[in-house]
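Engineer: predicted model follows, preceded by the sequence.
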Amino acid sequence: MFRRQFIEQSVVTAIGAIVARTAFAKNNFQTYKMNKPILKITQLKFTQDFPGSKGVNMMAKHYPIDPLLVFTEYLMDKPVFGPHPHGGVSVMTYMLPDNKESFINRDSEGDFSYILPGGMHIMQAGSGMLHDEFPKVTGVETHGFQIWINHSDKDRLIKPKSMHAQPEQIPEIITQEYKVRIVHVKFEDKTPPCKMVTDVNLFHVFLKPNKSITIPAKEMAIVYGLNGKGTSFNRHLQAQTLVNYVDDGNQITLAAEENGFEFMFGSGTPHHEPITYGGPFVMTTQEQMLKTQKRYANGEMGTLLPYKILN
């Protein structure tokens, strides 16, 4: 009698222990954090792309940055492109806070915006629209980023719209270790006002001297140096250094050297879908591209006359 009770009690205890271990393992798996190892480090530099414009150009054709397609740090002191179309993507312009002057953005949907230093503008082109952007004052150099964000096929041809954020609308988190400007999507408990159809994290980070930061990351993650020096996995980073991280892992950790480290961080989930390029248009299939080009040729994306510069 006592032997049977002992065996039954032992079985119950053993089962309970297994259940507890399974629950602990599941919970531990859900909360486990792993730093993403570095895939590749590339030291880049500015090139003279057009008269009046220099850029550091990072393209998805050459670097694993999808759902970003173009990630360009630019210096521009006069109008360069004039009115032109986009389709199938979102185009973001982020002006760095230390600019002395602002940028003008205008489009065929009727938007006219001043992108102030520290401000941001998104043209979610979708089925297609025209825009034009240039320094407000010719001869004063402006400094920022133009970023093309890919759309998934289901969102490729959504209705076009413009989104704009003033500098004070870009949320900031400031600690003893760092300042983070949250350009797009959420960091910690703060979210900016503009939300694109593609979910991509874009942060502007100022890391204080000899301090470190750990940032949650999705499948694709990049760091691009702006000022100062830092390290990641004991690899030295500086201005115009591009770091691509591997797909595995869910966070990155960076440390600043004695003068601090300022950088841009981008992260997202690649669409893993075909991409067809056609100048300012990005589509999934060649059939989509031909239809889009025909719509543009037929004037179905609106009109945008050249802007008269007064100075």
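Structural biologist: Ah, there it is. Keep in mind that this is a model prediction, so the values were computed, not measured.
Engineer: tell me where the stretch 1-150 of the chain has strands.
Structural biologist: 38-43, 47-50, 53-59, 68-76, 84-86, 89-95, 103-107, 112-115, 120-124, 129-135, 142-150 (DSSP state E, counting those that start in this stretch).
Engineer: can you tell me the average pLDDT over the fourth one?
Structural biologist: This points to strand 68-76. Throughout strand 68-76, pLDDT has a mean value of 98.
Engineer: so what touches that strand?
Structural biologist: For strand 68-76, contacts defined as C-beta atoms under 8 Å, 6 or more residues apart in numbering pick out 46, 52-60, 65, 89, 134-135, 141-150, 200, 220, 222, 224, 226, 240, 266, 268, 275, 282. The way it works is simple: take the backbone N, C-alpha and C, and place the C-beta from them, glycine included.
Engineer: A strand includes Pro209, no?
Structural biologist: No: read with DSSP: H, G, I helix; E, B strand; the rest coil, Pro209 is coil and lies in no strand.
Engineer: how about low-confidence regions in the protein?
Structural biologist: Within the chain, the ranges that satisfy pLDDT under 70 run 1-31, 309-311.
Engineer: longest strand in it, by residue count?
Structural biologist: If you go by DSSP state E, the chain has its longest strand at strand 251-268.
Engineer: and that strand with strand 53-59, angle?
Structural biologist: Here the directions of strand 251-268 and strand 53-59 differ by 100 degrees (axes from the mean of the first three to the mean of the last three C-alpha atoms, to 10 degrees).
Engineer: only the buried subset of the contacts of strand 68-76, as a PyMOL command please.
Structural biologist: Per 16 or more other C-beta atoms under 10 Å, the buried members of these correspond to this PyMOL selection:
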select buried, resi 52+53+54+55+56+58+60+65+89+134+135+141+142+143+144+145+146+147+148+149+150+200+220+222+224+226+266+268+275+282
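Engineer: buried ones in stretch 228-240?
Structural biologist: Residues of stretch 228-240 classed as buried by neighbour count (16+ other C-beta under 10 Å): Gly228, Lys229, Gly230, Ser232, Leu237, Ala239.
Engineer: now secondary structure too, for those, in a markdown table please.
Structural biologist: Shown next, in a markdown table, are the buried residues of stretch 228-240 (three-state DSSP):
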| residue | secondary structure |
| --- | --- |
| Gly228 | strand |
| Lys229 | strand |
| Gly230 | strand |
| Ser232 | strand |
| Leu237 | strand |
| Ala239 | coil |
